[in-house]
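Chemist: Make a model of this:
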Amino acid sequence: MAVKRIQADEGLSQFLGTLDLARDQYVIEAGGKPIAGLVPPWELESPDESRQALLRMLEEVWARTRDVPEGVVERDVEDAVQAVRTRRRRPA
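Modeler: Just a heads-up that it's a prediction; the model follows:
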């Protein structure tokens, strides 16, 4: 999506509040030429940093569930997946 610089100049915080950085990337243009881009912050992390953050999170979960039987974990995961799928199918 292209955005004119004048739009960005007119109240930056109001402008940023209209963007959906969770789903989109934006290019700010001046005179038809790109001058800046807006991306979600996690896209600025290096792949190695993202991988390390994911591994830390998984290690925390593994530590908390160390004594939980594998079957219980698998059943909980399947229940959570089904709940998400059910919510996605339901009209908003």
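Chemist: got the contact list for the most centrally placed residue in the chain?
Modeler: Against the mean C-alpha coordinate of the chain, by Cα atoms, centre = their mean, the closest residue is A22 at 5.1 Å. A22 makes contact with P40, according to Cβ atoms under 8 Å, 6 or more residues apart in numbering. For every residue, glycine as well, the C-beta is placed using N, CA and C.
Chemist: For it, give its distance to R5.
Modeler: Separation of A22 from R5 (Cβ to Cβ, to the nearest Å) stands at 23 Å.
Chemist: and if you look at A30?
Modeler: Taken as Cβ to Cβ, the span from A30 to R5 is 4 Å.
Chemist: quick one: contacts of the longest helix along the chain?
Modeler: Looking across the chain with DSSP state H, the single longest helix is helix 70-89. Contact with helix 70-89 is made by T65, as judged by Cβ under 8 Å, 6+ apart.
Chemist: what's the average pLDDT for that helix?
Modeler: Across helix 70-89, pLDDT averages out at 90.
Chemist: Go through it and flag the buried ones.
Modeler: Of all the residues in helix 70-89, not one is buried under the rule 16 or more other Cβ atoms under 10 Å.
Chemist: now do stretch 17-29
Modeler: Y26, I28, E29.
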